[in-house]
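Student: okay, sequence plus prediction incoming.
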Amino acid sequence: MEPPLDALQQRLGHRFGNAGLLQRALTHRSFGSPHNERLEFLGDAALNLAISVLLVRRFGQADEGELTRMRAHLVREDSLHQVAVTLGLQGLLRMSDGEHRGGGAQRASILADALEALIGAVTLDAGFAAAQGVVEGLFGPGIAASEIGQYRKDAKTELQEWLQARRMPVPAYRIVATTGQAHEQTFEVACEVAPLGLACAGHGRSRRVAEQEAARLVLERVKEKAP
């Protein structure tokens, strides 16, 4: 049977010259040092640049706003989480027993961070060109098959732009409640637009998802009240 890290490198399309970088990229801070947070920092920057290159190549006529919106969709936590699961990172992370028992290996934020750390590790191991190749292998087919119209503004962005166009302050978000076990939490988040006296609550398996749901509900109501 192929060792798990060998299989991961095959799926990535990159074999590490420095195996320690790969190990560090898969190490959560709860496990101890060296962990993957510095690699995550680097990987975030490399990923954004690599995605930008792919989008500019694919959508040569798109303006800056459209490209920014598409990139934000591709590098958001939910998207990175899906790629991380496809790579099987949930079974390869090193973390403390407590974090593991709490469902850390399944948490979207941890998996998304680990994917960014992997891209950062590839960058250090072999340079940006290698990282660009990995990102193209992971995201390129989806980008090539996509169209500009499918990358619509998310609810938070649309709400913020709607309010700013009317010279209103941006909405405020706050966590109202968190329920469930650590690995199966449900978040309730309130979105408030004080000048209009509006507040709606959204629910989701992550804070970000709950914020988007709350923003969507507020957006529906502000458009009804002030078209």
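Tutor: Ah, there it is. Residues are numbered from 1 along each chain as shown.
Student: gap between the residue nearest to Cys200 when sequence neighbours are not counted and Val189?
Tutor: Nearest non-adjacent residue to Cys200, counting by CB to CB, 6 or more residues apart in numbering: Leu217, 3.8 Å away. For glycine as for every other residue, the C-beta is placed from the backbone atoms N, C-alpha and C. In this view, Leu217 and Val189 are 11 Å apart by CB to CB, to the nearest Å.
Student: the more surrounded of the two?
Tutor: Higher neighbour count among Leu217 and Val189: Val189, with 25 against 18, using other CB atoms under 10 Å.
Student: leaving out the residues flanking it, which one is nearest to the most centrally placed residue in the chain?
Tutor: Nearest to the geometric centre of the chain sits Glu77, at 1.9 Å (CA atoms, centre = their mean). Closest residue to Glu77 apart from its sequence neighbours, by CB to CB, 6+ apart: Ala112 at 4.7 Å.
Student: ok, and for stretch 121-139, which residues are buried?
Tutor: For stretch 121-139, burial by neighbour count (16 or more other CB atoms under 10 Å) applies to 121-126, 128, 130-136, 138-139.
Student: before we move on, the earlier item: need the contact list for the residue nearest to Cys200.
Tutor: By CB atoms under 8 Å, 6 or more residues apart in numbering, the contact list for Leu217 reads Cys191, Cys200, Ala201, Gly202.
Student: determine which two of these are furthest apart.
Tutor: Cys191 and Ala201 (7.8 Å; CB to CB).
Student: identify the contacts common to these two.
Tutor: Counting by CB under 8 Å, 6+ apart, the shared contacts of Cys191 and Ala201 are Ala214, Leu217.
Student: out of those two, which sits in the busier spot?
Tutor: Using other CB under 10 Å as the criterion, Cys191 and Ala201 rank with Cys191 on top: 26 against 16.
Student: dump the residue contacts of the more buried one.
Tutor: 159, 171-173, 199-202, 211, 214-215, 217-218.
Student: buried ones from those residues, can you make that a PyMOL selection?
Tutor: Selecting only the buried entries of the contacts of Cys191 in PyMOL, with 16+ other CB under 10 Å as the criterion:
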select buried, resi 159+171+173+199+200+201+202+211+214+215+217+218
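Student: you'd agree Arg71 is up against Asn48?
Tutor: Yes. Using CB atoms under 8 Å, Arg71 is in contact with Asn48, at 6.7 Å.
Student: these two - which one has more neighbours?
Tutor: More neighbours surround Arg71 than the other of Arg71 and Asn48, with 19 against 16 (other CB under 10 Å).
Student: ok, the more buried one to Ile51 distance?
Tutor: Taking CB to CB, one finds Arg71 at 5 Å from Ile51.
Student: quick check: neighbours shared by Leu217 and Val189?
Tutor: With CB under 8 Å, 6+ apart as the test, Leu217 and Val189 both reach Ala201, Gly202.
Student: what ranges do the strands span in the protein?
Tutor: Assigned by DSSP state E, the strands in the chain fall at 172-179, 186-193, 198-204.
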